[in-house]
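Asker: One predicted model, sequence on top.
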Amino acid sequence: MDPQTPPGWTPNAWLSITPAFLEEAINAARTQGLTPIALEDLPERLADESDTRRYVSFTLDDGYRDNARFAAPVFQRHGIPYTIFITSGFVERSRSIWWKTAQEITMRCETVDLARIGIDGRVSAGTRMAKIALFDRLSDLVTEAQDEDAAIALLDDLAQAHGVNPLEITERLTMSAEELADLAGDPLARFGAHTLTHANLRKVDDARLHQELSASASKLRGYVGVSPTTFAYPYGYPSAVGAREIAAVEQAGFAAAVTTQPGLLSPGARDALAALPRVSLNGFYQRRRYVEALLSGLPFRLRGSPAAQ
Ligand SMILES: [Zn+2]
């Protein structure tokens, strides 16, 4: 076996963290003197130059049911506001979560017939290494496609042919409109838009870009009763967030928007509210000392300025 493969590898594991680790991250932020604040309140605080406090905002992407079940109680115990970014296509069970679809195909099948999507013949997925390789190929199929919708449709088709129902996965993992309305009763819960379809916005035309922003905001208002003022770019990395997308987010009236590009808030953040960096509490680094290092900004300084990415 590849010694670099973590034990118990499953695809996407790096995207999730445990409640105990979230608790540690909150404690680490407090120890460092950071003041927790809702992301939507950040623009006003940053605009006040006499306010020298250092802030931290906790955010969660995609509207997974686990957010309400495991993360919300931790935030409630600490009295800390949190923002969940919602993709309406998931809420309405009309869009598959392609990385979860790829995960289920990979984990459940012994062999997979890639001829169905025109990229190979029948390939083995019987060993952990074969599963890792297959998951990577299926991920590449979507992330490297210019037409993301078409690639996801192919993946959905492949899933169906192997007994995996992509929309059933969406339904199993993400909150419905009713569950969002329930969670909205928590005064600490805030919601931000995360598009209609979780599209890579750099790959869509202008009309679709505006639709993804404005229609997801109005749908979210329908679910939770409040118009969102915050937004998270799907994927959030540089090949999914460009100058056109940032301008469109500003035009759509969002007061703050977050990427997944690593970094900390700096005094200049008030000029870059439509593309804020984030520290990712990621599954690879579930130790308090990693969070402390991340919140101190040290790893990013060693790797160079995030602005240079
Ligand atoms: Zn997302």
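Answerer: Alright, I've got the coordinates.
Asker: Leaving out sequence neighbours, find the closest residue to residue 160.
Answerer: Using CB to CB, 6 or more residues apart in numbering and skipping the chain neighbours, the partner closest in space to residue 160 is residue 166 (7.5 Å). Glycine gets a C-beta too; all of them are placed from N, C-alpha and C.
Asker: Report the secondary structure element holding residue 120.
Answerer: Secondary structure from DSSP states H and E places residue 120 outside every helix and strand.
Asker: Spatially nearest residue to it (excluding sequence neighbours)?
Answerer: Nearest non-adjacent residue to residue 120, counting by CB to CB, 6+ apart: residue 114, 3.9 Å away.
Asker: what does residue 214 give?
Answerer: Residue 214's closest residue in space is residue 252 (CB to CB, 6+ apart), at 5.7 Å.
Asker: check contacts around the one you found.
Answerer: Taking CB atoms under 8 Å, 6 or more residues apart in numbering, we find residue 252 in contact with 210, 213, 214, 217, 231.
Asker: Residue 105 too?
Answerer: Neighbour list for residue 105: 112, 125, 134, 138, 155, 158, 159, 162, 164 [criterion: CB under 8 Å, 6+ apart].
Asker: Which strand or helix spans it?
Answerer: Secondary structure from DSSP H and E places residue 105 in helix 98-108.
Asker: Tally up the residues packed near the residue in the stretch 51-200 of the chain that the ion sits nearest to, please.
Answerer: Nearest residue of the stretch 51-200 of the chain to the ion, counting by CB to the ion: residue 61, 4.0 Å away. By other CB atoms under 10 Å, 23 other residues sit near residue 61.
Asker: got it, and residue 273?
Answerer: Each residue near residue 273 was counted by other CB under 10 Å, and the total is 20.
Asker: hang on, the earlier thing: buried ones in the helix holding residue 105?
Answerer: 98, 99, 100, 101, 102, 103, 104, 105, 106 (16 or more other CB atoms under 10 Å).
Asker: now, which of the contacts of residue 252 lie within strands?
Answerer: Among the contacts of residue 252, the members falling in strands (DSSP state E) are residue 231.
Asker: Looks like residue 196 contacts residue 215 (just checking).
Answerer: Yes: in this structure, residue 196 is within contact of residue 215 by CB atoms under 8 Å, at 5.6 Å.
Asker: Between the two, which has more neighbouring residues?
Answerer: Per other CB under 10 Å, whichever of residue 196 and residue 215 has more neighbours is residue 196, with 23 against 14.
Asker: any idea which helix or strand carries the more buried one?
Answerer: Here residue 196 is assigned to no helix or strand, by DSSP H and E.
Asker: picking that back up, who are the neighbours in contact with the residue nearest to residue 120?
Answerer: Counting by CB under 8 Å, 6+ apart, residue 114 touches 120, 121, 122, 123, 137, 158.
Asker: List just the nearest of the residues you listed to residue 143.
Answerer: For the contacts of residue 114, the residue nearest residue 143 by CB to CB is residue 137; the value is 11.0 Å.
Asker: got the contact list for that closest one?
Answerer: By CB under 8 Å, 6+ apart, the contact list for residue 137 reads 114, 119.
Asker: Overlap of the contact sets of residue 196 and residue 215?
Answerer: residue 88.
Asker: what is the closest residue to residue 173 other than its chain neighbours paired to in the beta sheet?
Answerer: Once flanking residues are discounted, residue 173 sits nearest to residue 64: 5.7 Å by CB to CB, 6+ apart. Assessed by DSSP bridges, residue 64 has beta-bridge partners residue 174.
Asker: Tell me how many other residues crowd residue 64.
Answerer: Quick note: residue 64 (other CB under 10 Å) scores 20 neighbours.
Asker: so it touches residue 175, yeah?
Answerer: Yes: under the criterion of CB under 8 Å, residue 64 makes contact with residue 175 at 7.4 Å.
Asker: picking that back up, pull the most distant pair out of the contacts of residue 105.
Answerer: Among these, 125 and 155 lie farthest apart (CB to CB), at 14.5 Å.
Asker: Please, where are all the strands along the stretch 151-300 of the chain?
Answerer: Secondary structure of the stretch 151-300 of the chain (DSSP state E, counting those that start in this stretch): strands located at 189-193, 230-232, 256-258.
Asker: As CSV, the contacts of residue 105 with pLDDT would be great.
Answerer: As requested, the contacts of residue 105 are arranged in CSV below (pLDDT from 0 to 100):
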residue, pLDDT
112, 94
125, 92
134, 94
138, 95
155, 97
158, 97
159, 97
162, 95
164, 97
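Asker: The closest residue to the ion within the stretch 101-250 of the chain and residue 111, how far apart?
Answerer: The stretch 101-250 of the chain approaches the ion most closely through residue 234 (5.0 Å), counting by CB to the ion. Applying CB to CB, to the nearest Å, the value for residue 234 to residue 111 is 31 Å.
Asker: hmm, back to that, quick one: check the helix holding residue 105 for contact with the ion.
Answerer: No: in terms of CB under 5 Å from the ion, no part of helix 98-108 sits within range of the ion; the closest distance is 9.4 Å.
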